[in-house]
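K.L.:
Curious how this folds, go ahead:
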Amino acid sequence: MSAPVFSTLGCRLNAYETEAMREMAAAAGLSGAVVVNTCAVTAEAVRKARQEIRRLSRENPGVPVIVTGCAAQTEPETFAAMPEVTKVIGNHEKMQPDTWASLRAPDLIGETEKVVVDDIMSVRETAGHLIDGFGRHRAYVQVQNGCDHRCTFCIIPFGRGNSRSVPAGVVIEQIKRLVDRGFNEVVLTGVDLTSWGADLPGTPRLGDLVMRILRLVPDLPRLRISSIDSIEADENLMLAIATEPRLMPHLHLSLQAGDDMVLKRMKRRHLRDDAIAFCEEARRLRPDMIFGADIIAGFPTETEAMFDNSLKLVNDCGLTFLHVFPYSARKGTPAARMPAVAGPAIRDRAARLRAAGDAALRAHLQAQVGRTHRVLTEGPRLGRTEQFAEVTFASDQPEGALMTLTITGHDGHRLTV
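P.N.:
Numbering: from 1, shown residues only. Take a look at the predicted model:
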């Protein structure tokens, strides 16, 4: 029978975990199945998961459909009720080799228990499923999972559980293996990355991990960290930004809003001025630092004046890469019970934020024309600068290589050489 068909929705961590599941399924000998790794970040994400399940079931008639991921964890009954679904497994269970061994056909079809989803809050460890990267250019290393915070709009802690960290020694050994395999860039990833270490002996911080990696893996050309909560940036992380050229000058910030009242109602731990101060300090330490950010449009109770503060944050923080989320109520979260903003206003505000983000990106790209950049090739005609801007090539290039190139132009979205 054929190898399982895997489909990933949502974040980069989900993509990483799909590759780990693919390895475990292959080792277990699972074949002839469809596996959908779902996202729960918005109600729209759950709708798309149901849509994907129906599509894959139509395209693979008679094949068992296994549903996992955050949406499966937070609302297993929704997916168990779908006639297309054979099995629903939780976020912890999906990362256990024994789970995949038990799913081998024909065992899967004859299994009587449709839902295998335990209490994610009882899980105390993570990353027994470390994989040696995926793709041929950039490797992702999960160093943390779960979240201890309870932002009023977010369901993810209930899908991922409490924060758990991978010990530094385990992370470093994996990165050494990745470098030995020829990877030129490693990205540290997690659900709440800046909480790394709080559950480990001595309570180290993310900056400690970054400095240890760079010291103990001297042959690693590029280290990148994914989304962080800027209010939790520690002293050693700022030191790494200032002194370590192998730490890439691109940070994606979990900002969510630019108005203090909205931030308070979101139960965020920073204020507008904190975000601006962090960006100014990071850019002072590393003048070529570029920022991305998540911002929610139309959070409940958000007035036009409050939204304007979020819109102004694009310039006040100097944001370049914007991820805009029109607010979508998630059942079970405190924000879902707050007075809602009208749908047309949410869509209008999201469009205005995206337009501001597009303008900021174009300005950044224009400023790079004529400059020389170190580019990591991601495909024959595509690469990224250290600042994470995409670059297109006029001719085919070897994938996974580091090249020094002079930028000749841009198309509004990508640089060109």
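K.L.:
I figured Gly412 hits Arg362, correct?
P.N.:
Yes: under the criterion of CB atoms under 8 Å, Gly412 makes contact with Arg362 at 5.3 Å. For every residue, glycine as well, the C-beta is placed using N, CA and C.
K.L.:
Between the two, point out the one with more neighbours.
P.N.:
Arg362 (15 against 10; other CB atoms under 10 Å).
K.L.:
and that one, what is it in contact with?
P.N.:
When contacts are counted by CB atoms under 8 Å, 6 or more residues apart in numbering, Arg362 touches 410, 412.
K.L.:
in the chain, which spans are helices?
P.N.:
Using DSSP state H, the helices found in the chain span residues 12-28, 43-59, 70-74, 76-80, 97-102, 107-110, 156-160, 168-180, 206-216, 235-243, 260-266, 272-285, 304-316, 343-368.
K.L.:
With distance to Val186 and mean pLDDT as added columns, please give these in TSV.
P.N.:
Below are these laid out as TSV (distance: least, CB to CB, whole Å; pLDDT from 0 to 100):
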stretch	distance to Val186	mean pLDDT
helix 12-28	12	86
helix 43-59	27	92
helix 70-74	24	90
helix 76-80	34	91
helix 97-102	24	86
helix 107-110	35	51
helix 156-160	22	85
helix 168-180	5	94
helix 206-216	8	98
helix 235-243	14	97
helix 260-266	31	98
helix 272-285	20	98
helix 304-316	29	98
helix 343-368	24	98
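K.L.:
For Val5, find the nearest of these.
P.N.:
Checking the helices of the chain against Val5 by CB to CB gives helix 43-59 as the closest, at 6.6 Å.
K.L.:
Using PDB, write out the CA atom coordinates for that closest one.
P.N.:
Presented in PDB, the C-alpha positions along helix 43-59 are these (Å, rounded to 0.1, in the frame of the first residue of the first chain):
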ATOM      1  CA  ALA A  43     -12.600  29.600  14.200                       C
ATOM      2  CA  GLU A  44     -11.700  30.000  10.500                       C
ATOM      3  CA  ALA A  45      -8.700  27.600  11.000                       C
ATOM      4  CA  VAL A  46     -11.100  25.000  12.400                       C
ATOM      5  CA  ARG A  47     -13.400  25.500   9.400                       C
ATOM      6  CA  LYS A  48     -10.500  25.000   7.000                       C
ATOM      7  CA  ALA A  49      -9.500  21.800   8.900                       C
ATOM      8  CA  ARG A  50     -13.000  20.400   8.300                       C
ATOM      9  CA  GLN A  51     -12.800  21.400   4.700                       C
ATOM     10  CA  GLU A  52      -9.400  19.800   4.200                       C
ATOM     11  CA  ILE A  53     -10.600  16.500   5.800                       C
ATOM     12  CA  ARG A  54     -13.600  16.400   3.400                       C
ATOM     13  CA  ARG A  55     -11.400  17.100   0.400                       C
ATOM     14  CA  LEU A  56      -8.800  14.500   1.300                       C
ATOM     15  CA  SER A  57     -11.500  11.900   2.000                       C
ATOM     16  CA  ARG A  58     -13.000  12.500  -1.400                       C
ATOM     17  CA  GLU A  59      -9.600  12.200  -3.100                       C
END
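K.L.:
Show residues contacting that helix.
P.N.:
5, 7, 9-10, 34, 36, 38-40, 63, 65, 67, 69, 71, 75, 78-79, 82, 84-85, 328-331.
K.L.:
Just the buried subset of the residues you listed, please.
P.N.:
Neighbour-count burial (16 or more other CB atoms under 10 Å) applied to the contacts of helix 43-59 gives 7, 9-10, 34, 36, 38-40, 63, 65, 67, 69, 71, 75, 78-79, 82, 84-85, 328, 330.
K.L.:
Just those residues: which are in strands?
P.N.:
7, 34, 36, 38, 65, 67, 69 (DSSP state E).
K.L.:
what about the first one, distance to Val35?
P.N.:
In this view, Ser7 and Val35 are 7 Å apart by CB to CB, to the nearest Å.
K.L.:
Mind listing the shared neighbours of those two?
P.N.:
With CB under 8 Å, 6+ apart, Ser7 and Val35 have no common neighbours.
K.L.:
Number of residues surrounding the closest residue to Val341 other than its chain neighbours?
P.N.:
Distance criterion CB to CB, 6 or more residues apart in numbering; nearest residue to Val341, sequence neighbours excluded, is Gly298 at 4.2 Å. Using other CB under 10 Å, Gly298 has 23 neighbouring residues.
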